[in-house]
Structures are given as C-alpha cells and as structure tokens.
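>>> no letters, just coordinates:
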C-alpha cells in the first residue's frame, strides 16, 4: 500500500501462496487418479446405468479442466503479481469481450450438459416395458420387505385397511391368490436381462431404496407408491442400502440383491411358496 | 435523500448521551455493539458445532471404540449441522457482519430501527439457550438430521430418545427465524433509506450488495420455514396430521394420523433451504470481492456483472429447491425442470469466479491474512461449485444423492467458503472495531493449517462418496463394498483434528490482539470504503460531526496519475502526483 513510504516487498509471500495453490492443484488431481483405482463407482450392473456413468465421466473431465484452469490461473497470478517497491497495479476493471466470453462459454457448456442430462433422465423414467418383472417394496424401521407375484404372475388383492405390523403390504387374507405370493425380508431376487418394475412405499417414515450397482435410488415415502424400473444385466450378489436417515437403526437397514437366470429365479420363487 | 422513510440526526452527539453499563453492553441499540454481541455469541456456537464435528470424526475413524452410540452419533450429526447453519453461519453473516458493516459502509448513523435491532439480538439469545438446553433434557437433543424430515421428526414414537429434544429444536429454530426476520427488515430499510449523500446503489461496496440481496432472500424464505416449523410443532404436540399419511405403523402400533403428506415438509423446508445456502454465500462473495480488490490494489473487475450475478443468483435461488428432491418421489417432470433451473446457476457463479481471478491479474498483491483467506475462498468455492455440477445433473444425482459426495460438496461450496469469508472479514475489519490489528504471523499459520485442514477433511469425502458410502451411517461394517474405506476415514478425521487445532491460533490471536495488538490507525489497509474514513473505533453515531459525502465508488485503487494508490469514497478531486515522472510506482 503506497502512500508516501516504502511498499512492502511481498514476493516471498506470493511464492509461498502460489506454491500452496499449486500443491492443491496437483494433490487434487493426483488423489483423484489414485482414487479411481481404489474407491470408484461400484461395478455397474444395469443397462440404464451405462449412460449415467458416461455422463459422470463427461462431467468429471469438464470439471477437472475447470479445476486445473482456475487454480493454475490463481497460482500464476500470485507468483507474478505480488506487491513490490517501484511498481503499481493496473487500473482496468471492465472488458466487455472477456466478460461476454466467460458468460457465454460456460453457458453453452452447461446447456449441452443439461440437455444430455435431460435425455438420460427421460430414459430412466420412461414407461416400463410390458414384460417387466414386478416387485412390491415396503421400507420400515429397519428392514426392506419384498413381495413377488406367484408363478402365475399375479399379485393377490391388497388394501390399506389390512396393513398391520405383520402384514405391511396389506394383503387380503381372504384372497387365495395371496397364498401364492412370496414375501421376503432384505432379500431381493432379480432376473438377469429382464426389466424389473419396483413399486416402492414405506409404512412408518421415509426410507430410501439405494441400489448403487444399478445406479438407482428412490425414496420410500409413507402414503405414496413410487415406481422405478431398470434392467439388471450382470448376474451376481449386490447390496441394498437405506440412503435416507430413518431413525436410530438406520445403519442396520441393508439388504441383499441376487441377480440370476430366469430358471434359477423360478426355482427360488417356487421354494419360497409356503 | 428527500424521500427517506427514516430520518437520521445530522449530528452524532445528539444520539448518545452517556450510557449506563447495561445500556451500553447488554441492551445496546448501537449497531456496532449489537454486531459484536452477535459476533461473539455465534463464534461461541461455532465452537459447540465444531466440537460436535470432532466427536463425529473420532467415532467414524475408530468406530469400534464406542465413543458414541448410534443415537448419540445421530445427535452429534444433527446438532453439528443445526448449530453451524442456523446458529453460526446465518447469524454471523447477517447479525454479526451485517450489523457491524452496513451502517458504516453506507454512511449511516445506525440501523434504521435501532430498537428493533436490539430486540432482534435478544430474540436470538433464547434460541441459543433453547438449543443448548436440549442437550440436558431426558433423551438428549434432536437426532433426526438438520433437515428434520417428517414423519421421522413428526412422530415421537419413530425417533430414538424421549422426543423433547426435537420439540426444543423446533422452538429454538423458530426464535432464530423471528430474529432473522427482524434483522432482514432492518437491513433492507437501512440500505434503501439511510445511504449518505452521494452513495447511490451503483456505488455500494459489494459487501453491502451481498448483505442486501441476502436480506431479501431471508425476508422471503424464512417465513416459509416458520410455517413449516409451526406445522411440525402442531403435528408433534397437538396431534395434527400435516406430514403423515393414513395407515402408518410406527413402533408396532397403528398411528392415528391421516391425510398428510410427507413431501409437504420437504417442499416447504427446501423452499427455505435453498435460498438459505445463498444467504450463507452472497455476503461472503461481497466480502471477498472487497478484500481481493483492496489487497490487489486494483479495482474489482466487472462491478456491474458482480452486482447482476449476485442478484441473478438470489433470484434463481427460489427456483431450484427441487434439486434436493430428485429422488424424493416427486414427479420426474418436476425433476427435469429443477435440473434445468439448477444448472443455470453455474453461469453467474462462473462469472463471479472469473472476475475475482481477473482482479488479481496485474494487481500488486499484499498477502495479508485477510487476503489469503479471500484467495482461499475462491479455491474452495470453485472446488465445491464444480462438484455441484455432478449433483445438478439429476441422473448422476441418482447415484450420488445422500452419499459423502454431497457432504464434500456443500462443505466446500457453502460451509468452508462461508467460513473463509468470515475469517477474512474478521482479520480485515478487526482493526476498525477493536482499534488494534491482529497478529499476522499467527494469522498466516492459522490460514495455512485451515486451508490444508479443509482440503484434507473434505476432499477425500468425494472418493468414498463416489464409492457409494452413504452419509449419516453410524457404521459401515455391514456393507462389504465399504470394508476398505477405513483408511480414508482415518485420514479425514486426522485432517479434521488439524482443522480444529488450527482454530486455536485464531482464538489466541483474537484474544491477544484485543489487548496487545499493534494500535491500528483509522485506515490501516489504505482502503477506500466509508468505514475507513471515521475514527477507530467509530463512536456511537459513527462519525463525529456531519456524515461524510460520497463522490466515487469504493474501488479506485491505483488510479493512473494519482498521488496515492487509493482514493477513498469521500475524496472529490483526486490529488495528483506531485511531479510527473518522479521515481517510484506510487506516484
């Protein structure tokens, strides 16, 4: 700050500050590279998830460029423009061309990203195929229950008035069809390459059915049923996580998913019928 | 200034006859004293909130040691968020910085309604007492998250604990809401009516623009939260059913509620909650703009664009609340619309970032602690802003929602950025209010450790978030894919301890400098703002004699040909350098 006396020489401080910013830049990028090998998106197991991963990767590249560019710019500025005796700052403070550029360029980028996002979003929430396997899902403190139609593909009658602690789906006991339905706890079985349509609700508080390998997540909201669908395409065992804080036992609310062939699924379903 | 709603006295002394101790320090109507009251109260709350974070991190790094049980863990999570957002950041920025700075920076004797200002602080205090009291009631404080999603927060049988904590939480926040409403009314009236001669809106420092837009947001969004809290309180205490559908089975028993909607809470809460995050960032953006300009000795780049982007962000903040609800069960078409409105916010945010960077370019930077925190602000804001793009794109949010990725995101873009601006502002304005300068060596140690601590704590959370580690989990041992996340958690916790430790340098520096810091002149930074034209510390009434007249914007640094490299707003004709071609860049 120059009035009449000497200006403090800030070059050393500027270099330190610049090094700190550059360190952040390098560590920020390298740690992501390291993370990509150790902690990354869980193995993908659904058809719809592929385009979500693509979007993720595109955003990752774009944001990495922006992260590097901004930090590089700041790092260079701190190194090059510290206060020192005998020099003075520039005075310019407007530049229409520059300002328009950094308004329009990010706007175009963000609009393209937005359109890509909308396209994938529309695909994820498109109408489910007619041949989809149907499963009713109920979240409750602190477990997931799943209800499958019997071998004939039909759900029995159910109604809210039948809902009790032991019958969260409200299945009508007088309907023989319900005898053929299968209810499991924390155990979801899916058929590989067959779309699955989940009807999700909850009977106490809000839960969230998180299926990270399938890139799906849906809150289970008491009082409303929400449908989601996707197509698992890799056989194997996966995890269900409850992603919405639902009470003290929230962390224990997990489940298993088995993705298997139609034959193995039919066999399993048959074995569950009492 | 003919049409002012509130007239201010021409001369300062009429306003302040000698005051008693209570009138001066407790029930003060001087905005500076009220600002200090807010500042110290919220700083204390930051320590409480920080202690919660340290507890959480201790547990998460060494989950088998039994530091916290599941219920206590959720209470620590909830109270950390609640205290930091409502009792520290919000009130520090409005009640603290807003009170201290607005009248001084616009050339007013005080707030438009000094008495209301006092009431505002004394409405905040019962909120603080209530939330602290909730630690000592049976069952402990609330543990349902700072967002208190209904029906979990509405049906006592669904929660852990005895339930009184959640009720007190609602009441405490209600106090904060009412206090903030008083404050924002006051700020708006003050900025609109009490600007001194010549201080047009186009000459306002960006700090004041930030505080002004913040007050608009607070005035429009807090009433919605107030309504939501009222309904929640009725659901808990009076048996109404605003947020509970029929046929719920809670704790094995049928719930008597019917006809409510769980999503109503989320719509109301986030209609407040999203403007709220801009309440926490717009004032910081202004503060950082002013500090970067001052210590670059260069005018802020793109002042008009800065004002427009502040206002644009403020406006857009009311149109994006649904991005918190992409997976809530809201109609996918709404999700599509909210995705569109959300990503647009990236544009004004980018403009601001580029303008800060450009202000540095060809500046002559003075690396004071305030400046370092301002530069640090830009870094953490950019890092947090970029991770926001992932979350704004709804299909990607399907995967990242409620994981540690979002925890990393908002701790960078909103919490850390806001904290950095508060610290920058404290180092910058401390001399004006306490008459002494803070120690720069301790300040720089504080900055370096805080900056590294922030990145060390929150950056690795991106990784475990991408690895689908959900937030608010007491333990992750049940999930095989998280079995190797332990080392990251330990690293994060150690960084968090470093971050917490670094704040001791600040506390020591603050207290030491109050008494022993070098005496600051009226304008230690050679800055242009009006607050630097009065004596240090300013008297009650802010200026001895007449109020200053403003002739220029506050960013005339390094004007070519001028005698000094700064020209305060009160200077009419720029004093020219004595002789052209004299040695030294200062001429």
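In hand now; what should we look at? Computed from a predicted model, the values in this text were never measured in an experiment.
>>> tell me who's in contact with the residue nearest to residue B:248 when sequence neighbours are not counted.
Closest residue to residue B:248 apart from its sequence neighbours, by Cβ to Cβ, 6 or more residues apart in numbering or on different chains: residue B:255 at 4.0 Å. Using the backbone N, CA and C atoms, a C-beta is placed for each residue, glycine as well. Contacts here follow Cβ atoms under 8 Å, 6 or more residues apart in numbering or on different chains; on that basis residue B:255 touches A:204, B:155, B:157, B:244, B:247-249.
>>> buried ones among these?
Buried by 16 or more other Cβ atoms under 10 Å in any protein chain shown: A:204, B:155, B:244, B:247-249, out of the contacts of residue B:255.
>>> which members of the contacts of residue B:255 are the farthest-apart pair?
For the contacts of residue B:255, the farthest-apart pair by Cβ to Cβ is B:157 and B:247; their separation is 15.1 Å.
>>> hang on, residue A:99 in a helix?
Yes - Residue A:99 forms part of a helix when assessed by DSSP: H, G, I helix; E, B strand; the rest coil.
>>> is whichever strand or helix holds residue B:383 in proximity to chain A?
Taking DSSP states H and E as the criterion, residue B:383 maps to helix B:369-392. Yes - using Cβ under 8 Å from any Cβ of the partner chain, helix B:369-392 comes into contact with chain A via B:372, B:375, B:378-379, B:382-383, B:386-387, B:389-390, B:392.
>>> buried set for stretch B:520-527?
Neighbour counts using 16+ other Cβ under 10 Å place B:520, B:523-527 of stretch B:520-527 among the buried residues.
>>> so how far is that stretch off the chain centroid?
Distance of stretch B:520-527 from its chain centroid, counting by Cα atoms, centre = their mean, to the nearest Å, is 26 Å.
>>> what is the mean pLDDT for it?
The average pLDDT within stretch B:520-527 is 95.
>>> for that stretch, measure first residue to last.
13 Å (Cα to Cα, to the nearest Å).
>>> is it correct that residue A:145 falls within a helix?
No - under three-state DSSP, residue A:145 falls outside any helix and is assigned strand.
>>> now it: how far from residue B:400?
Using Cβ to Cβ, to the nearest Å, one obtains 27 Å as the distance from residue A:145 to residue B:400.
>>> tell me which of those two has more neighbours.
Counted by other Cβ atoms under 10 Å in any protein chain shown, residue A:145 and residue B:400 do not tie: residue B:400 has more neighbours, with 25 against 20.
>>> now do the contacts for that one.
By Cβ under 8 Å, 6+ apart, the contact list for residue B:400 reads B:390-391, B:406, B:465-466.
>>> please parse chain A into its domains.
The record's domain parsing of chain A by automatic domain parsing lists A:11-83+A:97-124, A:133-272.
>>> of all the ones you listed, which one is nearest residue B:218?
Evaluated over these, closeness to residue B:218 peaks at domain A:133-272, with 26.8 Å, by Cβ to Cβ.
>>> run the chain-centre distance for the closest one.
The chain centroid and the centroid of domain A:133-272 are separated by 20 Å under Cα atoms, centre = their mean.
>>> equivalent analysis for stretch B:451-463, please.
On the basis of Cα atoms, centre = their mean, stretch B:451-463 is displaced by 20 Å from the centre of the chain it belongs to.
>>> contacts for stretch B:279-287 next, please.
Taking contacts as Cβ under 8 Å, 6+ apart, the residues outside stretch B:279-287 that touch it are B:85, B:89-90, B:93-94, B:97-98, B:205-211, B:213-214, B:217-218, B:221, B:310, B:313-314, B:352, B:374, B:377, B:381, B:413-415, B:417-418, B:420-422, B:424-425, B:428.
>>> at 6 Å instead, please
The contact list for stretch B:279-287 (Cβ atoms under 6 Å, 6 or more residues apart in numbering or on different chains) reads B:89, B:93, B:206-207, B:209-211, B:213-214, B:217-218, B:310, B:414, B:418, B:421, B:425.
>>> now do stretch B:90-109
B:8, B:31, B:34-35, B:38-39, B:42, B:110, B:183, B:187, B:190, B:194-196, B:199, B:205, B:208, B:211, B:283, B:422, B:425, B:529-531, B:541-542, B:547-548.
>>> list the contacts of the helix-or-strand element of chain A with minimal mean pLDDT.
Of all helical and strand segments in chain A, the minimum by mean pLDDT, DSSP states H and E falls on helix A:177-180, at a mean of 92. The contact list for helix A:177-180 (Cβ under 6 Å, 6+ apart) reads A:150, A:154, A:156, A:171.
>>> pull out the buried positions in that helix.
Result for helix A:177-180 [16+ other Cβ under 10 Å]: buried residues A:178, A:180.
>>> could you do stretch A:142-158 as well?
Buried residues in stretch A:142-158, counted by 16+ other Cβ under 10 Å: A:142-150, A:155-156, A:158.
>>> between the two ends of that stretch, how far is it?
One end of stretch A:142-158 to the other measures 22 Å (Cα to Cα).
>>> same thing with stretch B:389-397?
Stretch B:389-397 has its terminal residues 10 Å apart, counting by Cα to Cα.
>>> figure out how far that stretch is from the centre of its chain.
A distance of 25 Å separates the centroid of the chain from that of stretch B:389-397, by Cα atoms, centre = their mean.
>>> likewise stretch A:37-49?
Offset of stretch A:37-49 from its chain centre (Cα atoms, centre = their mean): 11 Å.
>>> in what helix or strand does residue B:307 lie?
Counting by DSSP H and E, the element that carries residue B:307 is helix B:303-316.
>>> which helix or strand lies directly C-terminal to that helix?
Using DSSP H and E, the helix or strand that follows helix B:303-316 in sequence is helix B:332-344.
>>> what packs against whatever helix or strand comes next after that following helix?
Counting by DSSP H and E, the element after helix B:332-344 in chain order, helix or strand, is helix B:346-360. The contact analysis (3 or more Cβ pairs under 6 Å, 6 or more residues apart in numbering or on different chains; DSSP states H and E) places helix B:346-360 against helix A:96-124, helix B:282-296, helix B:303-316, helix B:369-392.
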